[in-house]
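1. here are the coordinates; sequence isn't available:
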């Protein structure tokens, strides 16, 4: 068997940028404001642990509306993948909920 290494390897630029922003926001608000991520940015336990160590709390609830109900204050990070069951108005409602609840 021949193994062919492809470069570059790793996450796309958008994912790398999302991880960088989440870590930065978690560290910047550590001790003063809660930063919560709804779902996994990437399905990688090492990255998730690094985010948590940077001050980003994970709510792993698959239903984003239920996950959002668990957040009472601070900054919310919505992941880009996945969707809300039902989409449409329910999806639009989920994006307006943080503002109505004074979440960033």
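-> Great, that's in hand. Just so you know, these numbers come straight off a predicted model, no measurement behind them.
2. alpha carbons only for contacts and neighbour counts from here, please
-> Fine.
3. quick one, longest helix in the chain?
-> The helix of greatest length in the chain, counted in residues with DSSP state H as the criterion, is given as helix 13-29.
4. And the contacts of that helix?
-> Outside of helix 13-29, the residues within contact range by C-alpha atoms under 8 Å, 6 or more residues apart in numbering are 34-35, 41-42, 50-51, 54-56, 77.
5. And stretch 53-63, by the same measure?
-> Around stretch 53-63, the neighbours that count as contacts under C-alpha under 8 Å, 6+ apart are 22-24, 26-27, 29-30, 34-40, 51-52, 67, 70, 84-85.
6. which of those are buried?
-> Neighbour-count burial within these applies to 22-24, 26-27, 29, 34-40, 51-52, 67; the criterion is 16 or more other C-alpha atoms under 10 Å.
7. Show me which of those is closest to residue 4.
-> Within these, the smallest distance to residue 4 is 29.6 Å, found for residue 40 (C-alpha to C-alpha).
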